[in-house]
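**Q** coords below, sequence missing:
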């Protein structure tokens, strides 16, 4: 692949798309046995790659360009009313960051989340080995952002620090108790990651891929301004 002379890439065989029914997908991976420098990490993020476990990948489908990388330029972000309401409802939450960990507290929360919210997905049924390979297999760049009420863990976001360039949201799991629904915990964790990016003085928060026709991804475009990677250029939408 041009632009990365010291890296090797390989593509999967076509497989059923996880997001668009009836579509086939191909994924391009960075060879996992090669060292990734901080410069590589930034350039890969800017080129639409992201991490899952120990693998760095991006969609590479011949006949489809529906998956669009999106990122929030932190300096320009202004909370909407819905965002401010979410922040106001969660002023009692304590947030901390830490190295990703597999323990009973985190795994129990992850298991309840998958069983309640994603029983129809390819991560069901959950297992501790699946959790470990997905959430704790990153390097020094990986962090957990934890949310607690009176010491009880209610939400965790896995994110990567992409050098001095940005933060990349990888996965969020939270307590599926309907009593907590008014807190909008998924939205809260993104808002707090944007705040954390400001604290770290990095310019971007990467939110992964957005697909226009996938309702599950519609939430990503509520954070404005947003930039979309289209034809190898980041295009800003206010």
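**A** Great, that's in hand. This structure is a prediction, so every number in the text was calculated from the model and none was measured.

**Q** Mind pulling up the pLDDT for residue 2?
**A** The pLDDT attached to residue 2 in the predicted structure is 63.

**Q** and the spatially most central residue of the chain, how far is that from residue 17?
**A** Using Cα atoms, centre = their mean, the residue of the chain that lies closest to the mean C-alpha position is residue 170, 2.5 Å off. According to Cβ to Cβ, to the nearest Å, residue 170 stands 20 Å off from residue 17. Quick note: C-beta positions are derived from backbone N, CA and C, even for glycine.

**Q** same deal with residue 80?
**A** Residue 80 sits 31 Å away from residue 17, taking Cβ to Cβ as the criterion.

**Q** repeat for residue 96
**A** Remark: distance between residue 96 and residue 17 (Cβ to Cβ) = 36 Å.

**Q** neighbour-wise, which of the two wins?
**A** A count of neighbours by other Cβ atoms under 10 Å puts residue 17 above the other of residue 96 and residue 17, at 19 against 9.

**Q** From residue 24, how far off is that one?
**A** Applying Cβ to Cβ, the value for residue 17 to residue 24 is 6 Å.

**Q** Now for these two: what residues contact both?
**A** Counting by Cβ atoms under 8 Å, 6 or more residues apart in numbering, the shared contacts of residue 17 and residue 24 are residue 61.

**Q** ok, the nearest residue to residue 89 once chain neighbours are set aside - how many residues close by?
**A** Excluding its sequence neighbours, the residue lying closest to residue 89 (Cβ to Cβ, 6 or more residues apart in numbering) is residue 183, at 5.5 Å. Close neighbours of residue 183, defined as other Cβ under 10 Å, add up to 21.

**Q** these two touch, right, residue 183 and residue 85?
**A** No. With contacts defined as Cβ atoms under 8 Å, residue 183 does not count as touching residue 85, sitting 10.3 Å away.

**Q** Spell out which residues are contacts of both of those two.
**A** Between them, residue 183 and residue 85 share no contacting residue under Cβ under 8 Å, 6+ apart.

**Q** so what's residue 238 scoring on pLDDT?
**A** For residue 238, the model assigns a pLDDT of 90.

**Q** wait, what's in contact with it?
**A** Residue 238 neighbours (Cβ under 8 Å, 6+ apart): 224, 225.

**Q** Report all helices and strands that the worst-scoring helix or strand of the chain on mean pLDDT contacts.
**A** Every helix and strand in the chain was compared by mean pLDDT, DSSP states H and E; the lowest is strand 15-16, with a mean of 92. If contacts are counted by 3 or more Cβ pairs under 8 Å, 6 or more residues apart in numbering; DSSP states H and E, strand 15-16 sits against strand 24-25.

**Q** List the neighbouring strands of the strand it packs on plus their orientation.
**A** Applying DSSP bridges to the sheet, strand 24-25 is found paired with strand 15-16 (antiparallel).

**Q** quick one: the strand it pairs with to chain centroid distance?
**A** 21 Å (Cα atoms, centre = their mean, to the nearest Å).

**Q** Okay, buried residues for the longest strand seen in the chain please.
**A** Of all the segments of type strand in the chain, defined by DSSP state E, the longest one is strand 152-162. Neighbour counts over strand 152-162 (16 or more other Cβ atoms under 10 Å) mark 153, 154, 155, 156, 157, 158, 159, 160, 161, 162 as buried.

**Q** so what's the second one closest to, chain neighbours aside?
**A** Think residue 154. Distances taken as Cβ to Cβ, 6+ apart put residue 175 closest to residue 154, at 4.5 Å, once the chain neighbours are dropped.
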